[in-house]
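Colleague: Dropping the sequence and predicted coords here.
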Amino acid sequence: MNKIHRMLALTACAALLSACGPSAADGGSGSDDELVFAAIPSEESQSLRQDYQPVIDLIAAETGKKVVFQQATDYAAVIEGQRAGKIDIAKYGPFSYVLARSKGVPATAVAAQVAEKGVEPGYRSYAITRPDSGITDLAGFRDKQVCFVDPTSTSGHLYPKAGLLQAGVDPEQGTRPVFSGGHDAAALAVAHGDCDAGFAYDTMVDRQLIEKGQLKPGELRVLWRSPVIPSDPVALSDDLDPALREKITRALGEQANSDRLRERGLCAGECPIGDQNGWGFTGVDDSFYDGIRDVCRTTRDEQCS
């Protein structure tokens with residue numbers, strides 16, 4: 001972590017810990033009767049606490065403890081909060097989870113977000129261009145203006161960087177990189193001709209921008225699909241009592257989904273779960289995120305260290 005990132009992390013952590021209130025500051029996550037659940041909002045989230053309320057109620061019912069929800073400012077705050085023992089249950093991005101583990105944060109993934117029932121907990125990064133660009137593969141990105149999402153984005157930078165390197169293109173020296181700041185912004189920049197090509201996650205291109213009327217079907221061509229990227233994990237503090245960890249692990253892996261939560265009367269209607277309005281969560285373990293570690297070894301990206 002460079003100096004700027006360290007300063008941002010400490011500032012964010014201080015803001016988060018202040019927001020946790022007296023119970024969180026008194027040691028661990030607070031009293032023995034409380035658990036702290038932290039998450040950050042995604043582009044799709046309208047009300048983060050409401051998004052997770054059925055899961056919060058489920059954990060409370062299964063453990064008999066009050067679950068205090070904390071909306072963090074960014075993943076750096078979640079990482080430092082869990083390192084400091086102030087957060088018991090944390091919703092990470094896949095890369096931020098791997099980074100947290102590599103930095104020695106005592107937390108382990110036990111569940112991952114699933115968009116629809118029966119599908120694997122993951123998604124893909126797309127390489128995109130306009131149909132009339134003349135670009136047909138990743139090798140064609142050489143010397144082009146390429147829209148990435150953000151240097152810290154798993155699907156908007158890290159996996160695309162690995163794909164370009166494997167295609168013989170240096171992402172920094174062999175293209176003219178632009179960081180657009182969001183998956184929607186990257187896709188629209190390509191569609192509008194501001195970038196020759198770019199990267200965005202699959203459903204942003206396949207569904208979300210089309211449903212919003214911001215993109216027409218066929219307006220972008222998909223040239224490359226990444227390997228499956230593990231979806232966002234929920235990681236439990238390793239310092240929790242083992243019996244308590246087991247209760248939360250089973251609740252998240254087996255019951256934190258729309259079907260089971262409706263059966264238990266913890267939500268009604270379509271019952272979308274989490275900030276991405278998906279079906280819910282399914283059980284995973286730490287090794288599920290080894291693919292990201294492999295991409296880090298390929299790219300040697302400074303964000304990975």
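Modeller: Nice, I can see it. No experiment lies behind these values; they were computed from the predicted model shown. Residues are numbered from 1 along each chain as shown.
Colleague: C-alpha from now on. contacts and neighbour counts both.
Modeller: OK.
Colleague: just the helices in the stretch 201-305 of the chain please.
Modeller: 202-203, 209-211, 242-254, 258-263, 290-299 (DSSP state H, counting those that start in this stretch).
Colleague: what's the closest of those helices to residue 273?
Modeller: helix 258-263 (6.7 Å; CA to CA).
Colleague: Show me the strands in the stretch 51-200 of the chain, by range?
Modeller: For the stretch 51-200 of the chain, applying DSSP state E, counting those that start in this stretch gives strands covering 66-71, 89-91, 107-114, 122-123, 125-129, 145-148, 176-179, 197-201.
Colleague: Does anything pack onto the third one? Which helices or strands?
Modeller: Right, the one you point to is strand 107-114. In terms of contacts (3 or more CA pairs under 8 Å, 6 or more residues apart in numbering; DSSP states H and E), strand 107-114 is packed against helix 94-102, strand 233-237, helix 242-254, strand 280-283.
Colleague: Please identify the pairing partners of the second one and their relative orientation?
Modeller: By that I understand strand 233-237. strand 89-91 (antiparallel), strand 107-114 (antiparallel) (DSSP bridges).
Colleague: tell me the pLDDT at residue 2?
Modeller: In this model, residue 2 is scored at 35, pLDDT.
Colleague: before we move on, what about the one 4 residues further on?
Modeller: Here the pLDDT value assigned to residue 6 is 37.
Colleague: just residue 208 next, same as before
Modeller: pLDDT at residue 208 comes out at 89.
Colleague: next one: residue 174
Modeller: Looking at residue 174, its pLDDT reads 97.
Colleague: what's the spacing between it and residue 33?
Modeller: Separation of residue 174 from residue 33 (CA to CA, to the nearest Å): 55 Å.
Colleague: If you count surrounding residues, which of the two has more?
Modeller: Applying other CA atoms under 10 Å to residue 174 and residue 33 shows that residue 174 carries more neighbours, namely 17 against 11.
Colleague: pretty sure the more buried one is touching residue 142, no?
Modeller: Yes: because the distance of 5.3 Å satisfies CA atoms under 8 Å, residue 174 is recorded as touching residue 142.
Colleague: Spit out the contact partners of the residue nearest the centre of the chain.
Modeller: With distances taken as CA atoms, centre = their mean, residue 93 lies nearest the centre of the chain, 2.5 Å away. Contacts for residue 93 were tallied using CA atoms under 8 Å, 6 or more residues apart in numbering; they are 75, 231-233.
Colleague: ok, back up a step: kindly reformat the helices and strands packed on strand 107-114 as a markdown table containing mean neighbour count.
Modeller: Output for the helices and strands packed on strand 107-114, formatted as a markdown table (neighbours: other CA atoms under 10 Å):
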| stretch | mean neighbour count |
| --- | --- |
| helix 94-102 | 21 |
| strand 233-237 | 26 |
| helix 242-254 | 17 |
| strand 280-283 | 26 |
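Colleague: Select, out of the ones you listed, the one closest to residue 87.
Modeller: strand 233-237 (7.4 Å).
Colleague: The closest one relative to helix 94-102, how many degrees between them?
Modeller: Strand 233-237 and helix 94-102 are oriented at 20 degrees to each other (axes from the mean of the first three to the mean of the last three CA atoms, to 10 degrees).
Colleague: Distance from strand 233-237 to the middle of the chain?
Modeller: Distance, stretch centre to chain centre, for strand 233-237: 12 Å (CA atoms, centre = their mean, to the nearest Å).
Colleague: send the alpha carbons of it over as PDB?
Modeller: The C-alpha trace of strand 233-237 is given here as PDB (Å, rounded to 0.1, in the frame of the first residue of the first chain):
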ATOM      1  CA  PRO A 233     -17.800 -12.700  -0.400                       C
ATOM      2  CA  VAL A 234     -19.000 -12.300   3.100                       C
ATOM      3  CA  ALA A 235     -16.000 -12.900   5.500                       C
ATOM      4  CA  LEU A 236     -16.300 -13.700   9.200                       C
ATOM      5  CA  SER A 237     -13.700 -12.600  11.700                       C
END
